[in-house]
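In: Any chance you could fold what I've pasted below:
(4 chains)
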Number of protein chains: 2
Amino acid sequence: MARRNDHTSQQLSDKIIASAIEFLQHQPIRDLSLRALAKSVGYSAGTLINLFRNYNLLLLAVSGYTLDQIHQQLNDDVTKANKDNASQLIVSLALEYLQFASDHPYQWRQVFEHQLDSGLEINLIHQHKIDRLFCKVEPLLKQLAPQAIELDIIKASRTLWASVHGICLMSIEDKLFMPTQVTSEALIESLINHYLTSWVDNQTKESFYVN
Amino acid sequence: MARRNDHTSQQLSDKIIASAIEFLQHQPIRDLSLRALAKSVGYSAGTLINLFRNYNLLLLAVSGYTLDQIHQQLNDDVTKANKDNASQLIVSLALEYLQFASDHPYQWRQVFEHQLDSGLEINLIHQHKIDRLFCKVEPLLKQLAPQAIELDIIKASRTLWASVHGICLMSIEDKLFMPTQVTSEALIESLINHYLTSWVDNQTKESFYVN
DNA sequence: ATTCCTTATTGAACACTGTTTAAAATATAA
DNA sequence: TTATATTTTAAACAGTGTTCAATAAGGAAT
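Out: You can find the predicted model right below:
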């Protein structure tokens, strides 16, 4: 067939990503295919390939969309929060993260299941977007322990966020095996409150035993 | 063709799983296929299907093998460890877990990437094997806080192990974005030491503020 | 030994997957 | 109006997991 020009390529890209995101609200990514996605937007598979080069890069774009969405949601949380209680704000961020994962499990999983084929410059952008999430607690940790050295801030932020991520993952996969009285939210709160209690205590004492 | 009978079905199953595990030492699971696996053991695809019913259940068996392997490795760690220091033993278990994930990243990922199709009784066995790992720290937590109630033990064990899992995951996926001076082992130690410090302190004081 | 039945094994067929490619048709420029 | 460039797609290709009928060997009964 021939050119149709009823969308600019940007419009079409957006439409495709939107359709994929919509799909992920109800079904896991492995149930989606390039052809099915093409059909859902009324174009052929080849057109999508022309736009994104291959299916993997298309999925990377979808993943990037989700990361932006999460990023913005967490940002909104920070701006409208009480800035005095940094500790509580970290809990609030983590709970927001868990909330997103719970509300959009398939969409959330797609981001971290996606296997990037190595040696592509576009992957760096993706990696950066994930990094952006991990870094979000850094200024809050500095607020809790202004005298802490940069390396300790990095260590604590990565420890906390990787842990939060682990709890979210196990939660939406139903791999926690807990009585219903214990919620995933409670695990997040337990993690952050206990970790920060000891960490801040340590930083203010400038102790060298636990870091 | 016809029957060959050079293996019992049990021997053949073992051989197939062994071949898959060997593959996972060098390449990710998505690069393996039923046909390639069949060729590697000198049988046809249909034979593997007859044995495992479908490819997904075959992969579940592979995943089960890995979980048993990890379970045993952690058990060995517990038996030959100093039983007086429960806190240090938890760190040791977690580091062993990280070590396995680092040494066999593709094999480790396969376990948790595997999507179980719901409503199968075999999945329960699999879920139980994962549960077994999470529960491993429970007696150690009881040792640290003998007066703690069962629900607090469960909460702390799940929080800790899901967090450890998260750090392992982010570590082998290179998503931590840290300077090389900060190791994944240090994150694990930081997590457990800080969390337990505050948790034990809380439990011995029987405080109601943080749990 | 010979027949019968069961069991293991497989190749071919099927419907799907992502990707490549050449052809076709419209939009734009000359 | 012609020529060129840009979109779009159908068809072909090599791969995937799965189903199924055909086949041949092992074991049991005669």
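In: which SSE is the residue nearest the centre of chain A in?
Out: The centre of chain A sits closest to A:Leu67, judged by CA atoms, centre = their mean, with a distance of 5.2 Å. Under the criterion of DSSP states H and E, A:Leu67 resides in helix A:55-79.
In: ditto for A:Ala20
Out: Counting by DSSP H and E, A:Ala20 is found in helix A:9-24.
In: right, and A:Ser19 touches A:Leu37 too?
Out: Yes - in this structure, A:Ser19 is within contact of A:Leu37 by CB atoms under 8 Å, at 6.3 Å. From N, CA and C alone the C-beta is placed, and that goes for glycine too.
In: per-domain residue ranges of chain A.
Out: Using automatic domain parsing, the domains assigned to chain A come out as A:1-52, A:62-205.
In: Which of those domains has the highest mean neighbour count?
Out: Of these, the one with the most neighbours on average (mean count of other CB atoms under 10 Å in any protein chain shown) is domain A:62-205, at a mean of 18.
In: isn't A:Ser40 right next to A:Ile17, touching?
Out: No - counting by CB under 8 Å, A:Ser40 does not reach A:Ile17; the two are 11.7 Å apart.
In: Taking helix A:55-79 as reference, get the angle to the lowest-mean-pLDDT helix or strand in chain A.
Out: Here the helix or strand of chain A ranked lowest by mean pLDDT, DSSP states H and E is helix A:121-135, holding a mean of 89. Helix A:121-135 runs at 20 degrees relative to helix A:55-79, counting by axes from the mean of the first three to the mean of the last three CA atoms, to 10 degrees.
In: Helix A:121-135 and chain B, are they touching?
Out: Yes - residues of helix A:121-135 contacting chain B under CB under 8 Å from any CB of the partner chain: A:Gln127, A:Ile130, A:Asp131, A:Phe134.
In: who are the neighbours of that helix, in terms of helices and strands?
Out: Judged by 3 or more CB pairs under 8 Å, 6 or more residues apart in numbering or on different chains; DSSP states H and E, helix A:121-135 is in contact with helix A:55-79, helix A:150-172.
In: now the next helix or strand after the helix holding A:Ala20 against helix A:55-79, angle please.
Out: With elements assigned by DSSP H and E, the helix or strand that comes after helix A:9-24 is helix A:34-41. Counting by the same axes, to 10 degrees, helix A:34-41 lies at 60 degrees to helix A:55-79.
In: what residue ranges in chain A are flagged as low confidence?
Out: A:1-4, A:206-211 (pLDDT under 70).
In: Residue in it with the shortest distance to chain B?
Out: Shortest chain A-to-chain B distance, computed as CB to the nearest CB: residue-wise this is A:Gly166, at 2.0 Å.
In: Give me the spatial nearest neighbour of that residue, chain neighbours excluded.
Out: B:Gly166 (2.0 Å; CB to CB, 6 or more residues apart in numbering or on different chains).
In: same check, this time on A:Leu169
Out: Per CB to CB, 6+ apart, closest to A:Leu169 is B:Gly166, 6.6 Å.
In: Over to A:Ala148?
Out: Counting by CB to CB, 6+ apart, the residue nearest A:Ala148 is A:Gln203, at 4.8 Å.
In: I'd say A:Gln147 and A:Gln203 touch.
Out: Yes - in this structure A:Gln147 lies within contact range of A:Gln203 using CB under 8 Å: 6.9 Å.
In: For the host helix or strand of A:Trp108, name the packing helices and strands.
Out: Assigned by DSSP H and E, A:Trp108 belongs to helix A:105-113. On a contact count with 3+ CB pairs under 8 Å, 6+ apart, helix A:105-113 meets helix A:9-24, helix A:55-79, helix A:150-172.
In: Show me what the helix or strand following the last one is packed up against.
Out: If I follow you right, that is helix A:150-172. Downstream of helix A:150-172, the first helix or strand assigned by DSSP H and E is helix A:184-205. With contacts taken as 3+ CB pairs under 8 Å, 6+ apart, helix A:184-205 sits against helix A:86-103, helix A:138-144, helix A:150-172, helix B:150-172, helix B:184-205.
In: Make CSV out of the ones you listed and add distance to DNA strand D.
Out: Output for the helices and strands packed on helix A:184-205, formatted as CSV (distance: least, CB to the nearest atom of the strand, whole Å):
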stretch, distance to DNA strand D
helix A:86-103, 28
helix A:138-144, 42
helix A:150-172, 24
helix B:150-172, 24
helix B:184-205, 32
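In: who wins for proximity to DNA strand C among those?
Out: Closest to DNA strand C of the helices and strands packed on helix A:184-205 is helix A:150-172 (CB to the nearest atom of the strand; 23.5 Å).
In: what angle separates the closest one from helix B:150-172?
Out: 110 degrees.
In: who are the neighbours of helix A:150-172, in terms of helices and strands?
Out: If you count contacts as 3+ CB pairs under 8 Å, 6+ apart, helix A:150-172 packs onto helix A:86-103, helix A:105-113, helix A:121-135, helix A:138-144, helix A:184-205, helix B:150-172, helix B:184-205.
In: Quickly check: the first one near chain B or not.
Out: No - residues of helix A:86-103 are not located near chain B by CB under 8 Å from any CB, the shortest gap being 10.9 Å.
In: so how far is that helix off the chain centroid?
Out: Chain-centre distance of helix A:86-103: 11 Å, with CA atoms, centre = their mean, to the nearest Å.
In: swap in the fifth one?
Out: From the chain centre to the centre of helix A:184-205 is a distance of 22 Å (CA atoms, centre = their mean).
In: Same check on the longest one?
Out: How far helix B:150-172 lies from its chain's middle: 12 Å, per CA atoms, centre = their mean.
In: and the residue of chain A nearest DNA strand D?
Out: Closest point on chain A to DNA strand D, by CB to the nearest atom of the strand, is A:Gly46, at 2.8 Å.
In: Let me see the contact set for A:Pro105.
Out: Contacts here follow CB atoms under 8 Å, 6 or more residues apart in numbering or on different chains; on that basis A:Pro105 touches A:Ile172.
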